[in-house]
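Novice: The sequence and its predicted three-dimensional model are supplied below.
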Amino acid sequence: MNIKRHPDFKKHYKQRISHNLKLIQKTSERLQLFQDNPSNSLLKNHALVGKKIGLRAFSVTGDIRIVYLPVSENEVILLDIGSHNQVY
């Protein structure tokens, strides 16, 4: 799967994740898991509703989420990363 990172994702990753080594490692693990199998139950991958209809999200930790746009079956754009309140 081809994963692209939107500039907002990169910015929020730097602000919210990059200062915490455990979050860096967990994010890397979950992204690899997502790349290998987006349907893995550990990710809790789900469609979003309301203003974010058409987007999807998966869990990095209990509170950290990654929001993404599925472009095709083999390509996604990561749009945002952060706590539940930050990304929704």
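Specialist: Cool, the structure landed. Numbering: from 1, shown residues only.

Novice: How about the residue most central in space within the chain: what's its closest non-neighbour residue?
Specialist: Taking Cα atoms, centre = their mean, the centroid of the chain lies closest to residue 66, which sits 2.0 Å from it. Distances taken as Cβ to Cβ, 6 or more residues apart in numbering put residue 81 closest to residue 66, at 5.0 Å, once the chain neighbours are dropped. All C-beta atoms are positioned from the backbone trio N, CA, C, and that covers glycine.

Novice: got it, and residue 69?
Specialist: residue 77 (4.6 Å).

Novice: Is the one you found in a helix, a strand, or coil?
Specialist: Judged by DSSP: H, G, I helix; E, B strand; the rest coil, the three-state class of residue 77 is strand.

Novice: in the chain, which spans are helices?
Specialist: Per DSSP state H, the chain carries helices over the ranges 7-16, 21-36, 84-87.

Novice: In JSON lines: the ones you listed, plus distance to residue 1 and mean neighbour count.
Specialist: Formatted as JSON lines, these follow (distance: least, Cβ to Cβ, whole Å; neighbours: other Cβ atoms under 10 Å):
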{"stretch": "helix 7-16", "distance to residue 1": "16", "mean neighbour count": "15"}
{"stretch": "helix 21-36", "distance to residue 1": "5", "mean neighbour count": "14"}
{"stretch": "helix 84-87", "distance to residue 1": "21", "mean neighbour count": "14"}
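
Novice: As a markdown table, those helices with mean pLDDT and distance to residue 44 would be great.
Specialist: As requested, those are exported to a markdown table (pLDDT from 0 to 100; distance: least, Cβ to Cβ, whole Å):
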| stretch | mean pLDDT | distance to residue 44 |
| --- | --- | --- |
| helix 7-16 | 98 | 19 |
| helix 21-36 | 97 | 10 |
| helix 84-87 | 94 | 12 |
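
Novice: can you redo those as CSV with distance to residue 56?
Specialist: Below are the helices of the chain laid out as CSV (distance: least, Cβ to Cβ, whole Å):
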stretch, distance to residue 56
helix 7-16, 14
helix 21-36, 10
helix 84-87, 12
